[in-house]
Structures are given as structure tokens and as C-alpha cells.
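S.K.: next comes the sequence, and after it the predicted model I'd like to discuss.
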Amino acid sequence: MDMTLRTPLILSFGSINIDLTARSQRLPRPGETVHADSYALGLGGKGSNQAAAAARLAQPFDVDVALAGRVGRDAFGAQARASLEGFGVDLLPLRDDPEHPTGIALIGIDASAENCITVAGGANMAVDGTDVVAASPWLDRAKVLLLQLEIPQTVALAAARQTKRAGGLVVLDPAPAPEHGLLDALWTEIDILTPNESETFSLTGIRPATIEEAKTAAEALVAKGVRAVLVKMGAKGVFWYDGTSSGHIPPFQVTPIDTVAAGDCFNAGLAVALARGENLPEAAWIASACGALATTRRGAADAAPEWSEVAALLQQ
């Protein structure tokens, strides 16, 4: 890979899973077996979902998308690589782990869309400083670095520091919500934090049911050191705050059937918009459209919209 190329790069540094999803009329109780109506095996993990969605969205533009992290040397790792290559993601920074299996998520969904999920992180939890070193050329080149919390926070911190030093933007999706909060040193390395309602509550103690509550929470998060916050309020839209200016983006009118990919597609859309030079309010608007479209189809990475669909929704 020629690192002298100046094409804008989005690098997702995070988790790669294979999701095994079973749909049944109801979820089993402890000790019980139920028969599923169907099952599906597909790409998952927040790192790979955001990379795949960004690559699909970026197809019409001169923007590159790469993924750093680990998969096992197993059939699931080969499946994940093949799926990501199909989306057009650069996998040169993605490493094979000879000792740990590819991460998997076992997902049960009932007829009312309630779910229970068991994640075995596998190789994702073994990611360490050697992966940061291996990804250094991409971290130095990244215009936007996408981070999540399905790899150790110490690794996310090291990656963020390197991209910040090189002049790139760091976007952190604080998901899953950290039980013990973020590392103190990580706050000041974040350019844009994108928590949903439950993650906002976890980080601030404020559940943003109103715009005023979202504003209060966003101000508290900026006070911790991040440069800007996009509070994802679900059906109530998105509130953004950059320390001086703020605004609310109303929800797009779509008919949701599955919200599992909404957050990852939101962050992917945000990254593509930022890589193309959009300002924060415009990028947040685009991201909101991407997240909304993702709810209109099933699946994780496969729910990612194409740019033409986003453009059409933005014009409505």
C-alpha cells in the first residue's frame, strides 16, 4: 500500500465478529430449548460494521476505508475477511491471531423483537499495543479514526493518540456502555463522542428524553474534555454540541423494522461526511439519515445504505 497517497482515509480500529442470529416465537427460559423459525450467519462487531457501512457509503467518492483489529485463523475469520472484502474495505491492517478464535455473537430474537445476546470476544479482547504498531501507517494517514469499546480501552487510547498527533479526527462510539466509565486519559483524545440514550446515561447519569436534557448531558461530556458530542436520541432525533454552538436534528420519517445497525451506520455516515470535509452540523444530518435508513432493513453490516439512498432521503 502506497502511504504517500493523499486520498482521505477512514480507519475503523475495533471488533470483528460473526453473528449467529436465531429468530423464534419466544426466547428460551433457563434450562429450556425452543425451536427457531430461522437463523442467519453474518458479519458483525462494531468495528467491522462501521468499516463495512463506511465503505459502502463511500463508493461514489474518493475516500478509502480500512479496518484494523484481529480475527482468528479459523473459518469464521475467513468468512469475516471475505465479507469485508466484498464491501471494499482495505484489510491490510487486519491481523490474524494464531491463539484466539474469531469473535462471535449468539443472538436470540423473539416475535416482538426482544433479544438476548451473548458475545464471546475471542481475538477482539486480545488486541494490544502490537496491533497499534502494525496499524501505524494507517493511523498516521487517517483523516477520521472510528473507535468503539469492543476492544480494550488502552488500545483505543493508544490509537487515538497517534491519529490525533498526525492531525486526524477521532470519533468514539462509547458502545457497549462502559461499566466503569472511560479511561481518564481518553476523554481529551476524542474529537467527537456519539453516545445513544443509554450510553449517555451511563456516562453522565442523565437520560436524554428531552432536548434540554440532551443539552445538559452534552455540556457535561464536553466539560470532561471531548471537543464535540452527538447525542443519539432514537426516535427523538440527534442533539449536537461543540462547546460553543448546538442544534437539534429532527428524526427522519422511516418505518423501522430492526434497529441493530442504526448506531454503526450513523457513525459510518458521520465519518464519510467528515472525510469529505463537511462541518459538524452537516455531518450530523447526513449521519442521522444513514442511521434512519439502517433501521428499515434487517441485519448488521448488511443493513448499511448506499449513498444514493441517503441522498434521496436528505432531499425529502
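M.R.: Here it is on my side, so go on.
S.K.: any stretches of the stretch 201-316 of the chain with poor pLDDT?
M.R.: Within the stretch 201-316 of the chain, no stretch falls below the threshold (pLDDT under 70).
S.K.: now do the strands in it.
M.R.: Using DSSP state E, counting those that start in this stretch, the strands found in the stretch 201-316 of the chain span residues 228-232, 238-241, 246-249.
S.K.: closest one to Ala311 among these?
M.R.: Using C-beta to C-beta as the measure, strand 246-249 is the one of the strands of the stretch 201-316 of the chain that comes nearest Ala311, at 16.6 Å. Yep, even glycine has a C-beta here, placed from its N, CA and C like the rest.
S.K.: what residues of the closest one count as buried?
M.R.: By neighbour count with 16 or more other C-beta atoms under 10 Å, strand 246-249 contains the buried residues 246, 249.
S.K.: got a list of contacts for that strand?
M.R.: 211, 214-215, 218, 237-240, 281, 284-285, 288 (C-beta atoms under 8 Å, 6 or more residues apart in numbering).
S.K.: just the buried ones among those residues, please.
M.R.: For the contacts of strand 246-249, a burial check counting by 16+ other C-beta under 10 Å picks out 211, 214-215, 218, 237-240, 284-285, 288.
S.K.: tell me how far stretch 82-100 lies from the chain's centre.
M.R.: 16 Å (C-alpha atoms, centre = their mean, to the nearest Å).
S.K.: adjust the sequence numbering to begin at 636 for everything that follows.
M.R.: From this message on, residue numbering opens at 636, which makes the last subject stretch 717-735.
S.K.: what's next to that stretch, contact-wise?
M.R.: Counting by C-beta under 8 Å, 6+ apart, 636, 646, 651, 677-678, 683, 686-687, 690-691, 694, 699-708, 712, 716, 757-758, 760-761, 766, 769-770, 773, 936, 939 sit against stretch 717-735.
S.K.: buried residues of stretch 703-721, list them for me.
M.R.: Those would be 703-707, 709, 711-712, 714-716, 718-719, for stretch 703-721 by 16+ other C-beta under 10 Å.
S.K.: out of the residues you listed, which comes closest to Thr931?
M.R.: Distance to Thr931, by C-beta to C-beta, is smallest for Ser718 among the buried residues of stretch 703-721, at 20.9 Å.
S.K.: any idea of the mean pLDDT in whichever strand or helix holds that closest one?
M.R.: Taking DSSP states H and E as the definition, Ser718 sits inside helix 710-722. Per-residue pLDDT over helix 710-722 has a mean of 97.
S.K.: moving C-terminal from that helix, which element do we reach first?
M.R.: strand 729-732.
S.K.: and after that next one, which helix or strand comes next?
M.R.: Going down the chain from strand 729-732, the next helix or strand is strand 738-744, by DSSP H and E.
S.K.: and Cys670, how many residues sit next to it?
M.R.: Cys isn't right for residue 670; it's His. Counted with other C-beta atoms under 10 Å, the neighbours of His670 add up to 8.
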